[in-house]
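Enquirer: how would this look folded up:
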Amino acid sequence: MAGAAHQAAVHAWREYGIQVLVLLSFTLQVILLIFAEFRRRVDSGVLRFFVWSAYQLAESIAIYVLGHMSVTGGIRSPEHDLVAFWAPFLLMHLGGQDNITAYAMEDNKLWLRHLQTLAVQVAAAAYVLYASSIFSRSHHSLLLQLATILMFLVGIVKSGERVWALRCASSSTASDNTYYRNFARRSGDRICYIQPKTSRASRWKAEDIIFLGHEMLDIPKELLKGWPVPYRFRFIKLVDDRGQKLRILHLDGEEAYKVAEVQVSLMHDVFYTKAESQCGVIRLVSSLATAIALLLLLLLLLGVDHRHNNSNDGCYKRVDVAITCVLSVGAGVLEVVSLLRCFLSSFNWHRYERGVVQQERGLLVRVLVSLRRLFGAADRRIMHNWSRSMGQHNFLQVSFRNKVSRSSKIARWLGVENMWNTLACSWSIPVSPFVKQMILKQVLESCSDDIDETSPDHILNSRGRAVLKRKSQQLYDRLQWSVDPDELSLEETILVWHMATDIYLRWYKVLVVASRRRSELDDLAKAVEALSNYMFFILTARPYMLPPSSSSHYAYVKMCNHLTYLEKYTSVEDMAYLLLHYGNLIKNNREIPHKKWDTALRRGSVLAAKLIDELCGQDLLPSADMLELIGKVWVEMLCYVGSRCSGYSHAKQLSNGGELITVVAFVIEFLKSGLLKASGSTPIAKAV
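Expert: As a prediction, this is how the structure comes out:
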């Protein structure tokens, strides 16, 4: 019985295996078209696995089916002509969808391998068509021959477009890129004219923000791709139609942040889609060719008897006809979607809009710009440009889980403890307006400071030193060791300040509850906690985004091991107060039970004790000032890490929704380019 079932399965696979795989290949293209768009704005492990699986399977299945068809006999019979006709569609599937040419940055670097694969698969598809009876019988339908030629050419173009997009996105080609060579010949200032979409000069609409993002896109390209920009940006803003007055444009903090968010989305398109490299004329021609081929196929099928009759020389199998119709109609729909994405994309819109600003108005330009505004494309780009979330990871919670969780013990036994901790103990929260306000306030304050960019106290070089110095010299002398690069590495600084911040916040929350005074300080405490957990998340889950000399996990693993094996506690709060107690003992030069305690644990406990006992007192107003100070230290660390993170690491994370640290890095680049204007300093939180 088992043998009969096995033979039936083998027979079914031989009879319908190719048909199933071809339909699966088309289904994967639809899945990629729908779900790849969510990558830019959703940071989800489930989504990443789903898209990655579809991306890998789509290429593998298309290659397998083409190879199988090229070595399988029997396709020369007329009834299998439609099967051979599927080869051009598989070439189109190899070209992928416009919104995902690469899954990861490594795919861009392998563009030569994709070019070689393209050449082999084009040869395989050509052989399949040559070996079939489509072109071998003089009396065969001219309609099918013309449709096959058109779809074969479209398949080559689609696959070639993908290879070209991978080549353009590859950072390894920056040095010999024509775009780069043209830039290298220029110098001085670049003048860009901005026509506001509203009569009020102080108000910026979504289209203005996107236009600025495109005009300034060379700035993040310089950061992520290594293309030097030998000129400075100078923007001339037309104030309104009545005044005809020109003024130099500088961005305030809110505008700069919005532009940076848009550019995160645009750089995702540069590295992972065809948006920047695609040609509208080629897209129009390929869509037209697909439509003509679909019409020819429709005329052919309407004039042929589709009855399942293998002995009749002019009949096709009913299942082959159905699959051909699905592939043809599906290809037509995908081409229409691709054409709309091409002509309504922000990259092409930017080219159109530049012509409008320069009074070069054409009918097609006006129609396309109007359609884009009708569909609200600019508003959607502003609202869905990146994930707008920040990962969270807490050291005390991880240590407690490692001690009591059976799954953590199993992961430790298997040697995958770090990976398990990242998956099981990390979570994401939205970037709150308060966090954004803290970052922008500190960056803008640095604009007004008369500090050279090479100074250790500049926001680009300070890891908290400048904040402590501005507060008071006495405070800086007491805490200098915690932010001094000669004393602690960046990894140790993040660990020490994260542990001290967590202990301080737990003490602070108890104080606030006891005093029954809440209000704006709750938002401040949440923002400080979010920044602390985020920087610890970068250290543990995104270590490649730290400077190369600071991406070691050694200090973190050592701290976790000490806290897991040496101490006894029943909750995270007990652990925090135990560490605070040890910190007070060490601060007062008294011995602690564990003389071989980890150095980072000692320093974190001491820092927490000093923040609470020596600097705060028991009144709410001083503790609020200290809370704001801690938040500023974390913002400086965020700016420090963001400005030193490699461009490759920033670009790598764009495929997973982007990171707040990348947005901050773009804002800092605006600061270095002189595009930001300082604003008046306003308090973040008001004590009550």
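
Enquirer: strands along this protein, start to end?
Expert: For the chain, the strands defined by DSSP state E cover 188-194, 231-238, 246-249, 389-392, 427-430.

Enquirer: state the mean pLDDT of the second one.
Expert: When pLDDT is averaged over strand 231-238, the result is 49.

Enquirer: how far does stretch 644-662 stretch from one end to the other?
Expert: End-to-end span of stretch 644-662 (Cα to Cα, to the nearest Å): 11 Å.

Enquirer: for that stretch, buried residues please.
Expert: Going by neighbour count (16 or more other Cβ atoms under 10 Å), the buried part of stretch 644-662 is 644-647, 649-662. (Each C-beta comes from the backbone N, C-alpha and C, glycine too.)

Enquirer: would you confirm that residue 586 contacts residue 606?
Expert: Yes. Contact criterion Cβ atoms under 8 Å: residue 586 and residue 606 qualify, at 5.3 Å.

Enquirer: got any ranges where the stretch 101-250 of the chain has weak pLDDT?
Expert: By pLDDT under 70, the low-scoring segments of the stretch 101-250 of the chain are 136-140, 171-204, 226-249.

Enquirer: contacting residues around stretch 432-442?
Expert: 253-254, 256-257, 390, 459, 523-524, 526-527, 530-531, 631-632, 635-636, 638-639, 660, 664, 667, 681-682, 684 (Cβ atoms under 8 Å, 6 or more residues apart in numbering).

Enquirer: of the residues you listed, grab the buried ones for ChimeraX.
Expert: Selection command for ChimeraX covering only the buried members of these, criterion 16+ other Cβ under 10 Å:
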select :253,256,257,390,459,523,524,527,530,531,631,632,635,636,638,639,660,664,667,684
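
Enquirer: wait, residue 151 sits on residue 293?
Expert: Yes. With contact defined as Cβ under 8 Å, residue 151 reaches residue 293; the gap is 5.0 Å.

Enquirer: coming back round to it: out of residue 586 and residue 606, which sits in the more crowded spot?
Expert: residue 606 (21 against 18; other Cβ atoms under 10 Å).

Enquirer: what sits against the more buried one?
Expert: 583, 586-587.

Enquirer: CSV for those residues, including distance to residue 18 and pLDDT?
Expert: Shown next, in CSV, are the contacts of residue 606 (distance: Cβ to Cβ, whole Å; pLDDT from 0 to 100):
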residue, distance to residue 18, pLDDT
583, 69, 84
586, 72, 80
587, 75, 76
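
Enquirer: save those residues as JSON lines, and put in distance to residue 70 too.
Expert: As requested, these are exported to JSON lines (distance: Cβ to Cβ, whole Å):
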{"residue": "583", "distance to residue 70": "71"}
{"residue": "586", "distance to residue 70": "73"}
{"residue": "587", "distance to residue 70": "76"}
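
Enquirer: what is the longest helix of this structure by residue count?
Expert: Using DSSP state H to define each element, the chain has its longest helix at helix 2-35.

Enquirer: give the other helices and strands that that one contacts.
Expert: If contacts are counted by 3 or more Cβ pairs under 8 Å, 6 or more residues apart in numbering; DSSP states H and E, helix 2-35 sits against helix 45-71, helix 87-95, helix 318-343.

Enquirer: how far out from the middle of the chain is the shortest one?
Expert: If you compare the mean C-alpha spot of helix 87-95 with that of the full chain, they lie 27 Å apart, counting by Cα atoms, centre = their mean, to the nearest Å.

Enquirer: helices along the stretch 551-688 of the chain, start to end?
Expert: Taking DSSP state H, counting those that start in this stretch as the test, the helices found in the stretch 551-688 of the chain are 554-565, 572-587, 599-609, 620-644, 647-654, 660-672.

Enquirer: just tell me which of those helices ends up closest to residue 59.
Expert: Closest of the helices of the stretch 551-688 of the chain to residue 59 is helix 647-654, at 20.5 Å (criterion: Cβ to Cβ).

Enquirer: what is the orientation angle of the closest one with helix 660-672?
Expert: On the basis of axes from the mean of the first three to the mean of the last three Cα atoms, to 10 degrees, helix 647-654 is oriented at 130 degrees to helix 660-672.

Enquirer: and helix 647-654, average pLDDT?
Expert: Regarding helix 647-654, the rounded mean pLDDT is 92.

Enquirer: please apply the same query to stretch 429-449.
Expert: Rounded mean pLDDT across stretch 429-449 is 87.

Enquirer: now for the residue lying closest to residue 289 once chain neighbours are set aside, how many residues are close by?
Expert: With Cβ to Cβ, 6 or more residues apart in numbering as the criterion, residue 289 has its nearest non-adjacent residue at 4.7 Å, and that residue is residue 150. Residues near residue 150, counting by other Cβ under 10 Å, number 21.

Enquirer: in this structure residue 150 contacts residue 294, no?
Expert: No. Using Cβ under 8 Å, residue 150 is not in contact with residue 294; the gap is 9.4 Å.

Enquirer: got the phi and psi for residue 415?
Expert: phi 80, psi 20 (degrees, to the nearest 10).

Enquirer: count of residues packed around it?
Expert: Around residue 415 there are 8 residues (other Cβ under 10 Å).

Enquirer: just the pLDDT for it.
Expert: In this model, residue 415 carries a pLDDT of 73.

Enquirer: check residue 29 too.
Expert: 95.

Enquirer: ok now do the closest residue to it other than its chain neighbours, which residues does it touch?
Expert: The shortest distance from residue 29 to any non-neighbouring residue, by Cβ to Cβ, 6+ apart, is to residue 93 (5.6 Å). Contact analysis of residue 93 by Cβ under 8 Å, 6+ apart lists 25-26, 28-29, 58, 62.

Enquirer: thanks a lot, see you next time.
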